[in-house]
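K.L.:
Sharing a model prediction with you, sequence too.
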Amino acid sequence: MNKIIFETKNLLAHYLAKELISLANNGNIKNVALSGGSTPQAIFDVMASEYNEIINWQNIRFFWVDERCVPPTHNDSNYGMTKKHLLDKIEIKNENICRIKCELQPLNALNEYIISINNNVSKKNGFPEFDLIILGMGDDGHTASIFPHEINLWNSDNICEIGHHPITNQERITLSGKVINNAKKIIFLITGSNKARKVKDIFTKNISAQKYPAYFVDITKSLWLFDKDAACLI
């Protein structure tokens, strides 16, 4: 697997920003799907403060890998977090922001998001082909909003699915695994020592890793970016 280990989360953020510079400053609009969580939040802060004038934001169309079924103003909203830490601080057209409208009923939000994806993202192999998908991984091995107890959603033939948090049963809209693996490039952002055991299982191909949705991300097109704590066992 392609991996880079950074001493700090800040250095990881700078690396990802340079990836976006290369992508956004090279011609046509690129379709990028973002993830939520504390790691992207810190990275968005760096991008907004240090790369605002360098990245051609008008050449990026933002989507989300997944979203919790809450209004956009809710503290749990992935879009809301991105808006606060990145979108409100950069110059980007509203039409370049394709959020999941989770103020609607989950099935309506899912269907509207599928329409938005189909209207903006070209297809390959029968599925939308994002230019870049940015993923995180939970300490249970989940990625997007596909959790181990619903790992069957990974192989869904649908563009999106409704997943459920294993403890709270909170509903979430998520891209399916087939869409994730159909992207041109996938970047994993993984920080924190609480992820280290799952990272080791995945990289050593331990049989237990087959319970983790993150294990099934296509290794031929994915780049794993770690801080030293997350990578301490590999």
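P.N.:
Cool, the structure landed. Numbers count the residues shown, from 1 in each chain.
K.L.:
Quick one: low-confidence residue ranges for this structure.
P.N.:
Residue ranges of the chain with pLDDT under 70: none are present.
K.L.:
Could you rerun that using 80?
P.N.:
1, 27 (pLDDT under 80).
K.L.:
Now do the helices in it.
P.N.:
Secondary structure of the chain, counting by DSSP state H: helices at 9-24, 38-50, 78-85, 106-120, 177-180, 196-203.
K.L.:
which helices and strands sit right next to the first one?
P.N.:
Using 3 or more CB pairs under 8 Å, 6 or more residues apart in numbering; DSSP states H and E as the contact test, the elements touching helix 9-24 are strand 2-6, strand 30-34, helix 38-50, strand 60-64, strand 132-136, strand 186-190, strand 222-227. Glycine gets a C-beta too; all of them are placed from N, C-alpha and C.
K.L.:
correct me, but Phe6 touches Leu225?
P.N.:
Yes. Phe6 lies in contact with Leu225 (CB atoms under 8 Å); the separation is 6.9 Å.
K.L.:
Can you give me the distance of His165 to Phe147?
P.N.:
7 Å (CB to CB, to the nearest Å).
K.L.:
So the two - more neighbours on which side?
P.N.:
Phe147 (22 against 15; other CB atoms under 10 Å).
K.L.:
Report the separation between the more buried one and Ala214.
P.N.:
11 Å.
K.L.:
Equivalent analysis for Asp45, please.
P.N.:
Computed with CB to CB, the distance linking Asp45 and Ala214 is 24 Å.
K.L.:
cool, Leu23 as well?
P.N.:
23 Å.
K.L.:
can you list the helices and strands packed on helix 9-24 in TSV and add distance to Ile151 and mean neighbour count?
P.N.:
Shown next, in TSV, are the helices and strands packed on helix 9-24 (distance: least, CB to CB, whole Å; neighbours: other CB atoms under 10 Å):
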stretch	distance to Ile151	mean neighbour count
strand 2-6	23	15
strand 30-34	20	22
helix 38-50	22	19
strand 60-64	21	21
strand 132-136	15	24
strand 186-190	18	24
strand 222-227	18	22
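K.L.:
what's the closest of these to Ile173?
P.N.:
Closest of the helices and strands packed on helix 9-24 to Ile173 is strand 60-64, at 8.4 Å (criterion: CB to CB).
K.L.:
Report the angle between the closest one and helix 106-120.
P.N.:
Calculated by axes from the mean of the first three to the mean of the last three CA atoms, to 10 degrees, strand 60-64 forms an angle of 160 degrees with helix 106-120.
K.L.:
relative orientation of strand 60-64 and strand 30-34 in degrees?
P.N.:
Interaxial angle, strand 60-64 versus strand 30-34 (the same axes, to 10 degrees): 30 degrees.
K.L.:
distance between strand 60-64 and the chain's centre?
P.N.:
How far strand 60-64 lies from its chain's middle: 10 Å, per CA atoms, centre = their mean, to the nearest Å.
K.L.:
Tell me which other helices or strands that strand touches.
P.N.:
Using 3+ CB pairs under 8 Å, 6+ apart, strand 60-64 is in contact with helix 9-24, strand 30-34, helix 78-85, helix 106-120.
K.L.:
Keeping just the C-alphas, turn that strand into PDB.
P.N.:
The C-alpha trace of strand 60-64 is given here as PDB (Å, rounded to 0.1, in the frame of the first residue of the first chain):
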ATOM      1  CA  ILE A  60     -13.200  22.300  -7.600                       C
ATOM      2  CA  ARG A  61     -16.700  21.000  -7.200                       C
ATOM      3  CA  PHE A  62     -17.200  19.600  -3.600                       C
ATOM      4  CA  PHE A  63     -19.300  16.600  -2.700                       C
ATOM      5  CA  TRP A  64     -19.400  14.700   0.600                       C
END
